[in-house]
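A.B. asks: can't give you the sequence, but here's the structure:
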């Protein structure tokens, strides 16, 4: 890798190569220490206990004051995360094992060496991150099961327009405003503008389902638009990332992404009509435990894998899988069985999102935060207005709740953070601009649930919302 | 930090310290490469798809020929694992990324560098291993929920005698036989004898539940004895591991283990009677999704964590948690909701056990295997007879199926492999002896399900066995 040319160019010096061998040794050795394996499991178990307590405390308190529970789960995550108690911190934010209160506990209990601590910290963080990703994959699978393909097709054109306007408006206004009013150079301005585009489909669909509006016409337009704008966001990311890296746009890659995304989503739905029957036949033939959930999750994980390897997001594959299986007559039984699985995995995602959000960038007492905060105010205004206007692009639906549609597109969530991360890694973004993007993502994510609740006030709820899982299982 | 003294002793040479910084670069860089994160997720998703297909193919075929499905899941694991198709291999068996067909697929798709491949392989293997451990933790939690604490207490003495005889007999006969007939020195002979002691509670309880005999008197004696002999096995392991390392027994550690195991199991049950009511109160007060499973899994994972950190096995904590929650009136509802969660996580454990079993040691065409095979025949005979006789130690139960109890204790599973692993790492075991232990573990594990089925032939089944999960969820 990056090292090889350096080593190769100086191979004449035996000192150097031998010291390289020494230094790579301890990492391999600690990774294979069998006792570390037990501590990784202990770390994951304790992380899950913390995640569950934070999610239930936050979710229940949120419910008590009549806000969507997912907001409380995010806040619970903030409390246990890098901004407050440091119980759940992750290496990708630059945290080390010594910053993690959980690792301090494990080190005390297990009397671990510093090397072991570092390797255990990295491995258990990776495991918790993958569990969180499985959580959002299962959430989107469940949302797909709850969504009706025919309803989605009916609102397809409207969702597409909402998505395109909701990507173009904040991108254009954000980039132009940063260049004109804040004198930001063109490439970072385009990058920050691009970070304003993609809606967080996970957060918005969870809030919709908690409010009982997932199956309303507004809910279906929001979910459809969020899926489309996630795809658009990935394409925008590919464009700006190659701009940032080489100063040019890799046209071939962009064409590849557009074609593969279209083929994948349409192909999944077309093939799905055929696979439907196969799925029911398989589930009917199986006789051992898990005869319904195992084929369903095999399909969902396979679709998530395929979406992932063609450079789309895994959650899009899981959503498509859910849509396809929703069309079968096993649907009700499957719905019921997915609920407890989602109940134990989805909170890991939301608490982790909260735990990774570093609210320190919001502190105005730190002088370097101030410039970021001023830019952030501008980005947030653009982020909110740029999405709210999309509600008024919906045509032919005079009775529709336009405000709710626009508000539903507001949360930016994880995709915005990916932009900030790549921008920071490639050196395109200045510190204040990066902080401003993070603040924008945090605030749009945290504001969307109460805003959405307000926008839907007084509207009738779906008859079969997801909220009361236990009752539905008991039926 | 094996490196630090070396670097410190030569800090005068600026070349070396700078080369150290260079050389540690790629490892950190690849670990934090955001694109690698997506490939780790892709690897885990593909692993899960492979696990599910293998478990269902194996389980269903097993069911067709009227054998317990778990046997088929193990065989399915062997097929995708290190012995056959190499789709699922693990670094701890010495495999490298290039031995993994799955990594070859990912490398081809993602066009990865060799460094990335190694780091992705290690991380995704670790994630799948932790998922498998969560699977067996949830299996034991479910078994605890299915077991009746009062029934277990009734058979407590009998289970204790079965456990003690089932540990002492194979240990004594195995150690003596190896020394007398095979001229094995005393320490390796003790080590191999110790590997014959602990029953695999996961495999035996799963088979019992599949056969519908978990709640029979025989089933409860087997589960109780398997729990006790797991604790005994851990104590034996501590003794022989310190023997192997220092040639002496660390008496303090042994006393610590005996006390902590007793305090933990009795304390869990006593505290459980108090916690029962708290649990029901909490579950009744909660209003958001997962109001039953989240408190239940928080408790189960916390108990598993505690068992793990006091050097017992995590599964014992989960089993105790299940026993405690079985006493509440939320039990039936909880049972139903745990089923789909177990259905998607438990197969990961069994397929992984199969995938990690290297059947190459069984090949008599390789000359070095022959000595191991001959020793293995002896170990298997001792392993089977040493457990079967335990059935005849049960007193005051003239009607009991003594053969079934003895046969139920046969599978050795993961604990035996831990012995082989530690013995091999500390250099105590010769290659043939290590291979013989692995063969013994594989064969007792694979033979127990059909043997147990035979031993229970003609007996009436429990009224509420676990087999038909879907039907119970529908009730």
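C.D. replies: Happy to help now that I have it. Only a predicted model underlies this, so the values are computations on that prediction, with no experimental measurement involved.

A.B. asks: tell me what the host helix or strand of residue A:316 is packed against?
C.D. replies: Taking DSSP states H and E as the criterion, residue A:316 maps to helix A:314-326. Other elements packing on helix A:314-326 under the criterion 3 or more C-beta pairs under 8 Å, 6 or more residues apart in numbering or on different chains; DSSP states H and E are helix A:114-146, helix A:149-154, helix A:201-211, helix A:217-246, helix A:251-285, helix A:293-309, helix B:34-64. The way it works is simple: take the backbone N, C-alpha and C, and place the C-beta from them, glycine included.

A.B. asks: identify the residue nearest whatever residue of the stretch 301-450 of chain A ends up closest to chain B in space, chain neighbours excluded?
C.D. replies: When scored by C-beta to the nearest C-beta, the stretch 301-450 of chain A has residue A:343 as its residue closest to chain B, at 3.4 Å. Distances taken as C-beta to C-beta, 6 or more residues apart in numbering or on different chains place residue B:290 nearest to residue A:343, at 3.4 Å, with adjacent residues excluded.

A.B. asks: go ahead and confirm the one you found touches residue A:348.
C.D. replies: No: shown here, residue B:290 and residue A:348 do not form a contact pair, counting by C-beta atoms under 8 Å, at 11.5 Å.

A.B. asks: picking that back up, any idea which of the helices and strands packed on helix A:314-326 is most buried?
C.D. replies: Among these, ranked by average contacts under mean count of other C-beta atoms under 10 Å in any protein chain shown, first place goes to helix A:201-211 (a mean of 27).

A.B. asks: next, the angle from that helix to helix A:34-64.
C.D. replies: With axes from the mean of the first three to the mean of the last three C-alpha atoms, to 10 degrees defining the directions, helix A:201-211 sits at 50 degrees from helix A:34-64.

A.B. asks: how many neighbours does residue A:359 have?
C.D. replies: Each residue near residue A:359 was counted by other C-beta atoms under 10 Å in any protein chain shown, and the total is 15.

A.B. asks: tell me the spacing between it and residue A:369.
C.D. replies: Residue A:359 sits 11 Å away from residue A:369, going by C-beta to C-beta, to the nearest Å.

A.B. asks: distance of the closest residue in space to residue A:210 that isn't next to it in sequence from residue A:207?
C.D. replies: Nearest residue to residue A:210 in three dimensions, chain neighbours excluded: residue A:68, at 4.6 Å (C-beta to C-beta, 6+ apart). In this structure, residue A:68 and residue A:207 are separated by 5 Å, where distance is defined by C-beta to C-beta.

A.B. asks: anything in contact with each of those two?
C.D. replies: Common contact partners of residue A:68 and residue A:207 (C-beta atoms under 8 Å, 6 or more residues apart in numbering or on different chains): A:449, A:452-453.

A.B. asks: circling back: quick one: contacts for the residue nearest to residue A:343?
C.D. replies: Contacts of residue B:290 were listed using C-beta under 8 Å, 6+ apart, and they are A:56, A:340, A:343-344, A:347, A:469.

A.B. asks: scan those and report the most crowded one.
C.D. replies: Taking other C-beta under 10 Å as the neighbour criterion, residue A:347 ranks highest of these with 30 neighbours.
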